[in-house]
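> Got a predicted structure here, sequence first:
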Amino acid sequence: MKIIFLDVDGVLNAPEFLEHFFWQISKKFGIKRKGKDYLFFEKRFVRKLEWIVKQTGAKIVISSVWRNTFTDWYQWLIVFTSMGFPNCGEAVIGTTRDLHKDFRGHEIDDWLASPTEGRWEAREVDSILQNYIILDDSRDFTENQLLQHLVPVKSRWGLTWSMARLSVRMLNRVGTKGLQPSIPWPRPKQRIHFESTD
């Protein structure tokens, strides 16, 4: 089994995109939030996540603070399916636990230690873990996670195709220590300077 630990804000949406009311989802769950309403999950980013899932057969564990809004795998199934991405919905198997402002890397380690034990919000998992990645725009992780499992998404751009391809390469390297990202950030085009021969 391959796992994607998924953050949402900065990965499936970008800050330049305006906030939207998520009317259909809020009606289905009867959820009301004070102040700002839901940030829309942008389809251009979810499409890339679905491509990763199709290419690797990976399952998704929600590590985002959005786990406090949509609290179990079935709600995430409805969210992604209602957007037209049923493969993403079917791939969600649970969420990490909120360890009360603890290190996000520790929450992932906690899930890896006991993925379904005593967790009503999780689907049953009977496969052996082969590999995992972390799709996140933060760096709140252990050294091992930063070096071998993090796909460093830049929140300004969200999940890009280069990061999606890197995710597939990392997940498909089963039985290894992972693949350290060779391109940690999207880089600006380099300027070429020519020297005059005169």
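Structure received.
> List phi and psi for I93.
phi -120, psi 0 (degrees, to the nearest 10).
> Point out where the chain drops to low pLDDT.
15-40, 101-102, 116-122, 124-126, 174-198 (pLDDT under 70).
> Could you pull up the residues touching the residue nearest to P86 when sequence neighbours are not counted?
Leaving aside its sequence neighbours, P86 sits nearest to F80 (Cβ to Cβ, 6 or more residues apart in numbering; 6.9 Å). For every residue, glycine as well, the C-beta is placed using N, CA and C. By Cβ atoms under 8 Å, 6 or more residues apart in numbering, the contact set of F80 is V46, P86, C88, G89, V92.
> and which of these is nearest M1?
Using Cβ to Cβ, V92 comes nearest to M1 of the contacts of F80, at 13.4 Å.
> which of the contacts of F80 are buried?
V46, C88, G89, V92 (16 or more other Cβ atoms under 10 Å).
> ok so, going back, alpha carbons only: can I get the helix or strand hosting the residue nearest to P86 in PDB?
Secondary structure assigned from DSSP states H and E places F80 in helix 73-82. C-alpha atoms of helix 73-82 as PDB (Å, rounded to 0.1, in the frame of the first residue of the first chain):
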ATOM      1  CA  TRP A  73     -13.400   9.200   5.000                       C
ATOM      2  CA  TYR A  74     -17.000   9.100   3.800                       C
ATOM      3  CA  GLN A  75     -17.400  12.900   3.900                       C
ATOM      4  CA  TRP A  76     -14.200  13.200   1.800                       C
ATOM      5  CA  LEU A  77     -15.600  10.600  -0.600                       C
ATOM      6  CA  ILE A  78     -18.700  12.900  -1.100                       C
ATOM      7  CA  VAL A  79     -16.500  16.100  -1.400                       C
ATOM      8  CA  PHE A  80     -14.300  14.700  -4.200                       C
ATOM      9  CA  THR A  81     -17.000  12.800  -6.000                       C
ATOM     10  CA  SER A  82     -19.300  15.900  -6.100                       C
END
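> Nice, that's everything, thank you.
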